[in-house]
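Undergrad: fold the following, please.
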Amino acid sequence: MKSSQSLKWILVFAAASSVIIAQDAAPIRRELKAGSTETYKIENEIKQFVEVPSMGEQDLTINTIATVALKTLAVNAEKGNAEVEALTKVEKLSMDGSIAGMMGDQSGAKLPAPKTEKGTLDSRNRLSIAKDPKAKPSANAMMGMPGLSEIGAQSLLTLIELPEKAWKVGDTAQVGVPGAAGAATMGVKELKMTMTISGEKEVEGQKLWVVTYSGSMKIDFDSSKNPQAGQSAAGNMKMNGTAEVTGEGLVDKATGKTVGNTLKVSNKGTMFIEQAGMEIPVRGTVSMKLTLVK
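TA: Numbers count the residues shown, from 1 in each chain. Model prediction:
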């Protein structure tokens, strides 16, 4: 009799364990809900150094603070994605350094107008913003950096891509680099990096994954092949080199939303200005910080 009772409880325990294992094995997916809106604060700093012939190394620092309100319009459950609308507001923009001085006094420059864009967001946090067919080419092709017209959701939001498979602490996955990293260094190739689930934490009752990631990218930019980049006054410009990416972020375990993220891109390369016959060494960093406000 006792052996039968023991066997019964063993079977119950085994069944319960299998359910727990099955639950743990489920991949995390982002919650997509029509009508919902989330707002992110993004703080960016771009530092670039250029070795100008006969002038030595010149520098430029650009700081921006912006908010992006991301609204889910409609959900396609079959495809696992949603139509979204992003409203980007640049609240602060400043430029410093010797290159900024050459550009004249920018203190009275107007901030970009609020920008509304539409696109799609899937359950793995992959954002795709539709290109504006009326967008004018950027006049800021120098150093391969985007101009003010490129400041939008795709160039600011560093949402953390959720792995295809289930994850647990210690797991690694190959994920795509957020569009913001690509926009910060135009012409980047091989946009992949390794993400590691390095831990868990709880903040005010919210259970979060702690993720760290790193990767490297090649830079291969040619303004003649990219009409949206515009042309510098000196003619066609090419740039090649490498960029290293590191970062750490927080993901809500229940909803899959990116709660916070920091990203740093360090780039080094050579800029070629064909018409002037010049080769100019360039290097710099792009630091991005994203915080989910509400």
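Undergrad: give me the below-cutoff pLDDT ranges for the chain.
TA: Counting by pLDDT under 70, the chain shows low-confidence ranges at 1-25, 103-109, 132-149, 179-191, 226-235.
Undergrad: and the strands in it?
TA: For the chain, the strands defined by DSSP state E occupy 37-52, 56-76, 81-96, 115-122, 127-129, 172-176, 188-189, 192-203, 206-222, 237-252, 258-273, 278-292.
Undergrad: export the ones you listed to a markdown table and tack on distance to residue 161?
TA: Using the backbone N, CA and C atoms, a C-beta is placed for each residue, glycine as well. Formatted as a markdown table, the strands of the chain follow (distance: least, CB to CB, whole Å):
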| stretch | distance to residue 161 |
| --- | --- |
| strand 37-52 | 16 |
| strand 56-76 | 15 |
| strand 81-96 | 13 |
| strand 115-122 | 9 |
| strand 127-129 | 9 |
| strand 172-176 | 4 |
| strand 188-189 | 16 |
| strand 192-203 | 8 |
| strand 206-222 | 9 |
| strand 237-252 | 10 |
| strand 258-273 | 9 |
| strand 278-292 | 14 |
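Undergrad: give the contact list for the nearest residue to residue 201 once chain neighbours are set aside.
TA: Leaving aside its sequence neighbours, residue 201 sits nearest to residue 208 (CB to CB, 6 or more residues apart in numbering; 5.3 Å). Going by CB atoms under 8 Å, 6 or more residues apart in numbering, residue 208 touches 200, 201, 202, 250, 251, 252, 253, 259.
Undergrad: residue 61 and residue 95 touch, don't they?
TA: Yes - at 7.0 Å, residue 61 counts as touching residue 95 under the criterion of CB atoms under 8 Å.
Undergrad: pretty sure residue 238 is touching residue 219, no?
TA: No - using CB under 8 Å, residue 238 is not in contact with residue 219, being 10.2 Å away.
Undergrad: count the neighbours of residue 170 for me.
TA: 9 (other CB atoms under 10 Å).
Undergrad: whoops, I mixed them up, residue 131
TA: 11.
Undergrad: before we move on, what about residue 57?
TA: When neighbours are counted by other CB under 10 Å, residue 57 comes out with 12.
Undergrad: and what of residue 242?
TA: 14.
Undergrad: start the count at 147 instead of 1 going forward.
TA: Sure thing, new numbering starts at 147, so read that last one as residue 388.
Undergrad: residue contacts, it?
TA: By CB under 8 Å, 6+ apart, the residues touching residue 388 are 362, 363, 364, 365, 413, 414, 415.
Undergrad: state the distance from it to residue 231.
TA: 36 Å (CB to CB, to the nearest Å).
Undergrad: now distance to residue 273 and neighbour count too, for the contacts of residue 388, in CSV please.
TA: Below are these laid out as CSV (distance: CB to CB, whole Å; neighbours: other CB atoms under 10 Å):
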residue, distance to residue 273, neighbour count
362, 22, 12
363, 19, 23
364, 23, 14
365, 22, 20
413, 22, 23
414, 28, 15
415, 27, 23
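Undergrad: now, which of those sits nearest residue 264?
TA: Residue 264 lies nearest to residue 363 out of the contacts of residue 388, by CB to CB, at 27.5 Å.
Undergrad: so that closest one sits against residue 412, correct?
TA: No - under the criterion of CB under 8 Å, residue 363 makes no contact with residue 412, lying 10.5 Å away.
Undergrad: next, show the common contact partners of the two.
TA: Joint contacts of residue 363 and residue 412 (CB under 8 Å, 6+ apart) are 389, 390.
Undergrad: residue 395: how many residues sit nearby?
TA: 22.
Undergrad: likewise for the one 3 residues further on?
TA: One way to gauge burial is a neighbour count; for residue 398, by other CB under 10 Å, it gives 18.
Undergrad: and it, what does it touch?
TA: Counting by CB under 8 Å, 6+ apart, residue 398 has contacts 352, 353, 354, 405.
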